[in-house]
Structures are given as C-alpha cells and as structure tokens.
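Student: sharing a model that was predicted from the sequence below.
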Amino acid sequence: MALNLKTLGTRTVSALIFGVLLLGSVLWNYYTFSIFFMLVALVALKEFYELCVHMGFRPYKISGYIGGLLTYLLLLRFDYLLTATKAPVMVLVLLPVFIFTVALYNKREQQIQNAALTLSGILYAVLPFGLLHSVVIEHSQAGGLSYRPEVFLGIIFLIWSNDTFAYIGGSLIGRHKMIPRISPGKTWEGTFTGIVLSFGLSFIIRDHLVQTSGWLWPILGVAIPVLATVGDLVESMLKRQAGVKDSGNIMPGHGGALDRFDSLLFVSPAVLAIIQFL
C-alpha cells in the first residue's frame, strides 16, 4: 500500500499539537492539569453517548453532562486547593438517584437502558479522569500536599511504551490472536512483549523521573500494560458494536478523546488503588 503523505502529515501535525497541549497542561500547574482533563472528560462523555446512539439507545445527554461535570469538579483535590470536603462521596451516592429520577419523567422508550447508559458514561468516561487528581497529589515531607506531575508522566510513558513495544512485538513475532472478533491486530506475543519491556522501563522511571524507591513502580510496570490493553479492547468493543471506526474526530487522523485515552480509563482507578494499598 502506497504511503499517503497527506494523511501522514495530518497525523503528525495533529499528534504534535496534542502532545504540546498535554505536556504543557500537565507541567504548568495543577490548575491547567485539571482544566485540560475536565475538557477531555466532557468530550469523552459526548463521544460515549454518541456511540450509544449508534447502538440504538438515547441516553439523557443533558443530565449526563450535568452529572459528569459535577462528578469531575467534586473529585478535584479541594484539600490541596482550598479545604477538605466529603462532596465526592455525596455526588457518587446521589448521582444514580438523579439519573434515574430523570428517567421516571421521560417519555422515551427503554428508560432503564437509557438511564443505565447515561450513568455508565459518567463512570466510564469521566470518573477515571477525576480520580487522576488523587494520583498526582501527594503528602510532602513538610506535612502538606504537593502536585507531582512526574507521577502522571510516568504513567503515560508506561502506556505509550506498552503500545509501542506491543506493536513492534506483534509485527515481528505475533502469531496467536488475542480476541480477533474485537481487535484483529492484537496478538499474545505482542502483548507479552509490551508487558516485559514496560516492566523494564518502570525501573528507569522510578529511579530517574519519579526519583523514589521500592516496588511500587515495578508493580505498576506490569499492572499498567495489562490494564491499558483491557481498556483498549473495551473501547474497540464499543466501537465495533456501534459500527464506527473512531469514537470522534477531535484529533484529525487519530480519532476522538476515547481513542486517545481508552487505556487511561482503566489504568487511572487501578493506579490509585495500588498507590493507596502500598
């Protein structure tokens, strides 16, 4: 197949702009980090609801956007910005009540399915981005709280390295398909290659980027590739059922927010749980 220079140029420019925005927002400060991922979360939620429409459902979009925005805002680390609050617990408890109450007064068919998908969109496309705030905020040695963007960068590097190494491994030695009905290109050999090499990279991230010790990052070096692969497969399943190639077109040549961050949606909650446990 001939190389399409126009498509390659579009993908390259799009990737560079996205990379600058991502790294700039993460490295600048906690406020820009929060604003960037708030916008990403809302776009991802919109894309999820559009996928549901393609499947024949009609989620309650306005209610979902309101619930999604409140969920994200109330998962900000207010103890870092202002004062501690129990609002995140409250919103997660009251969110199903709000969504299903909307369904009661809606005259569309399939109210239960539409309400469940409205709620699922918030949990799938918004909650993981909100949980990132607790991943990048740590207790400092002085007793306060500090913003640690290098922690997020370490996570992203492990996701990217897994994607790259899995692709190379699958191209060179891939023979056995993982789940061909969902993702024909993924092989067990490529996946294993991504996990092993990302595990090796985790030691470099631990020692030189995050500058810490212990087994947290080597554990993440295995957990993140596994969960990133699951996240990618789940999003592929959603797109396949919806009958679309990309979840959106926010990044020309690359797709939508869900396409770019599908791995992070499964990685984020797990990383937070592992950090809290260890």
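Tutor: Yes, it's here.
Student: please look at Trp188 and Met178 and confirm they touch.
Tutor: Yes. Counting by C-beta atoms under 8 Å, Met178 is a contact partner of Trp188 at 5.8 Å. From N, CA and C alone the C-beta is placed, and that goes for glycine too.
Student: between the two, who's got more neighbours?
Tutor: Neighbours per residue (other C-beta atoms under 10 Å) separate Trp188 from Met178, with Met178 holding more: 18 against 14.
Student: that one: what's it in contact with?
Tutor: Residues in contact with Met178 (C-beta atoms under 8 Å, 6 or more residues apart in numbering) are 186-188, 191, 233.
Student: next: Trp188.
Tutor: 174, 176-178.
Student: ok, it to Tyr167 distance?
Tutor: 14 Å (C-beta to C-beta, to the nearest Å).
Student: cool, and Leu21?
Tutor: As judged by C-beta to C-beta, Leu21 and Tyr167 stand 24 Å apart.
Student: check Val244 too.
Tutor: 22 Å.
Student: do the same with Ser247
Tutor: Ser247 sits at a distance of 20 Å from Tyr167 (criterion: C-beta to C-beta).
Student: before we move on, what about His54?
Tutor: From His54 across to Tyr167, the span is 27 Å (C-beta to C-beta).
Student: Phe152 now?
Tutor: On the measure of C-beta to C-beta, Phe152 and Tyr167 end up 23 Å apart.
Student: how about Phe261?
Tutor: 18 Å.
Student: same thing with Phe277?
Tutor: Using C-beta to C-beta, Phe277 is found at 31 Å from Tyr167.
Student: what's the answer for Ser63, then?
Tutor: 39 Å.
Student: ditto for Val271
Tutor: On the measure of C-beta to C-beta, Val271 and Tyr167 end up 23 Å apart.
Student: between these two, who's got more neighbours?
Tutor: Legend: neighbour count by other C-beta under 10 Å for Val271 and Tyr167, higher for Val271 (26 against 16).
Student: quick one: the helices in the stretch 51-200 of the chain, in order.
Tutor: Ranges of helices within the stretch 51-200 of the chain are 61-74, 78-81, 87-104, 111-125, 127-136, 149-173, 188-204, based on DSSP state H, counting those that start in this stretch.
Student: for those helices, which one sits closest to Trp28?
Tutor: Closest approach to Trp28 among the helices of the stretch 51-200 of the chain is made by helix 149-173 (8.6 Å; C-beta to C-beta).
Student: buried ones in that closest one?
Tutor: For helix 149-173, burial by neighbour count (16 or more other C-beta atoms under 10 Å) applies to 149-159, 161-163, 165-167, 169-170.
Student: for the buried ones among the contacts of Met178, write the corresponding PyMOL selection.
Tutor: Paste this into PyMOL to select the buried members of those, with burial taken from 16+ other C-beta under 10 Å:
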select buried, resi 186+187+191+233
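Student: so, low pLDDT: which residues of the stretch 151-278 of the chain?
Tutor: Counting by pLDDT under 70, the stretch 151-278 of the chain shows low-confidence ranges at 252-254.
Student: what's the closest non-adjacent residue to Pro96?
Tutor: Distance criterion C-beta to C-beta, 6 or more residues apart in numbering; nearest residue to Pro96, sequence neighbours excluded, is Leu119 at 5.9 Å.
Student: pLDDT score for that neighbour?
Tutor: Note on Leu119: pLDDT of 93.
Student: so where's the stretch 1-150 of the chain shaky on pLDDT?
Tutor: 1-12, 78-92, 140-143.
Student: from the contacts of Met178, pick the one nearest His133.
Tutor: Leu233 (26.4 Å).
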